[in-house]
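> Give me coordinates for this.
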Amino acid sequence: MAARIERLVTSGTFSLDGGTWEVENNVWLVGDEVQVLVIDPAHDAEAIAAAVGDRQVTALVCTHAHNDHVNAAPALADRTGAPILLHPDDLPLWQQTHPDRAPDGRLADGGLLTVAGTEVHVLHTPGHAPGAVSLHVPALGTVFTGDTLFAGGPGATGRSFSDFPTIIRSIRDRLLVLAPDTVVHTGHGDSTTIGAEAPHLPDWLARGH
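Alright, predicted model coming up:
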């Protein structure tokens, strides 16, 4: 059976720089009836495990290490035996949430993951966080952007470890070059497409002035 995409929404809090906010996160599952890749294990390991069922979890892939995207990762890793993968540039953020548990593997720009016979390409897209990545799945016409690109614009860059010019470069040079009909599955909220967002790049650039 061909790989498919499943979405689970979990709720919890995001904390950084002394503030805490209520958030809802998209947890994405990519796979088939046998294998599944979990993207951004957020808040609720039990709910994610229930969505996985009896399938093999090949990896827990973190698009970045803000606590709301990784807080359920160790519990889910312990339950499933799957490795936690993170770009090393986000280790300082990871350690704020999990000082006693390191990720199991490193994501790198140009890296390739495979689940259910489907290739998942790792794109380093820093800006929202230094180690932020997006995950391009050409066979499914999809890119998972974490908090780098949303329906309506770039992710937030007003807090520690973030940078607006960097996120704009990531979006312009790594994401907007994908096919216009590529579906953008985000870390929060609704999905969009590359074609829907690309025309707004000049507006986003103007925000930085």
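> Buried ones in the worst-scoring helix or strand of the chain on mean pLDDT, by neighbour count?
Sorting the helices and strands of the chain by mean pLDDT, DSSP states H and E puts helix 201-207 at the bottom, at a mean of 90. Across helix 201-207, burial judged by 16 or more other Cβ atoms under 10 Å covers W204. In this view, the C-beta of every residue, glycine as well, is placed from N, C-alpha and C.
> how about the CA coordinates for that helix, as PDB?
Taking Å, rounded to 0.1, in the frame of the first residue of the first chain, the C-alpha atoms of helix 201-207 are listed here in PDB:
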ATOM      1  CA  LEU A 201       7.400  37.100  -0.600                       C
ATOM      2  CA  PRO A 202       7.700  40.900  -1.300                       C
ATOM      3  CA  ASP A 203       5.300  41.600   1.500                       C
ATOM      4  CA  TRP A 204       7.300  39.500   3.900                       C
ATOM      5  CA  LEU A 205      10.500  41.200   2.900                       C
ATOM      6  CA  ALA A 206       8.900  44.600   3.500                       C
ATOM      7  CA  ARG A 207       8.200  43.600   7.100                       C
END
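> got a list of contacts for that helix?
The list of residues contacting helix 201-207 from outside it, by Cβ atoms under 8 Å, 6 or more residues apart in numbering, reads G153, P154, F164, I168, I171, R172, L176.
> swap the cut-off to 7 Å and go again
G153, P154, I168, R172, L176 (Cβ atoms under 7 Å, 6 or more residues apart in numbering).
> swap in stretch 106-117?
3, 30-32, 34-37, 58-59, 85-88, 119-124, 133.
> what's the answer for stretch 163-180, then?
123, 125-128, 134, 136, 143, 145, 148-149, 154-155, 157, 193-195, 198, 201, 204-205, 208.
> got it, and stretch 129-139?
Everything outside stretch 129-139 that qualifies as a contact, by Cβ under 7 Å, 6+ apart, is 30, 39, 61, 63-66, 86-90, 93, 107, 118-126, 143-146, 148, 161-162, 174-175, 178.
> 6 Å - rerun?
Stretch 129-139 is touched from outside by 63-64, 87, 89-90, 107, 118, 120-126, 143-146, 148, 161, with contacts defined as Cβ atoms under 6 Å, 6 or more residues apart in numbering.
> what's the span of it from first residue to last?
For stretch 129-139, the first and last residues are 27 Å from each other (Cα to Cα, to the nearest Å).
> L76 is in contact with P41, isn't it?
Yes - here L76 reaches P41: they are 4.8 Å apart, a contact under Cβ atoms under 6 Å.
> Counting neighbours, which of the contacts of stretch 106-117 end up buried?
3, 30-31, 35-37, 58-59, 85-87, 120-124, 133.
> Among the residues you listed, which ones are in strands?
30-31, 35-37, 58-59, 85-86, 120-124, 133 (DSSP state E).
> what are the C-alpha coordinates of stretch 105-117, in PDB please?
What follows is stretch 105-117 as a C-alpha-only set of coordinates in PDB (Å, rounded to 0.1, in the frame of the first residue of the first chain):
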ATOM      1  CA  GLY A 105      20.600  10.900  15.600                       C
ATOM      2  CA  ARG A 106      21.400  14.000  13.600                       C
ATOM      3  CA  LEU A 107      19.500  15.500  10.700                       C
ATOM      4  CA  ALA A 108      21.600  17.100   8.100                       C
ATOM      5  CA  ASP A 109      20.800  19.200   5.000                       C
ATOM      6  CA  GLY A 110      20.500  16.900   2.000                       C
ATOM      7  CA  GLY A 111      19.800  13.900   4.200                       C
ATOM      8  CA  LEU A 112      17.500  11.200   3.100                       C
ATOM      9  CA  LEU A 113      15.000   9.200   5.300                       C
ATOM     10  CA  THR A 114      12.900   6.400   4.000                       C
ATOM     11  CA  VAL A 115       9.500   5.100   5.300                       C
ATOM     12  CA  ALA A 116       7.200   2.600   3.500                       C
ATOM     13  CA  GLY A 117       9.400   2.800   0.400                       C
END
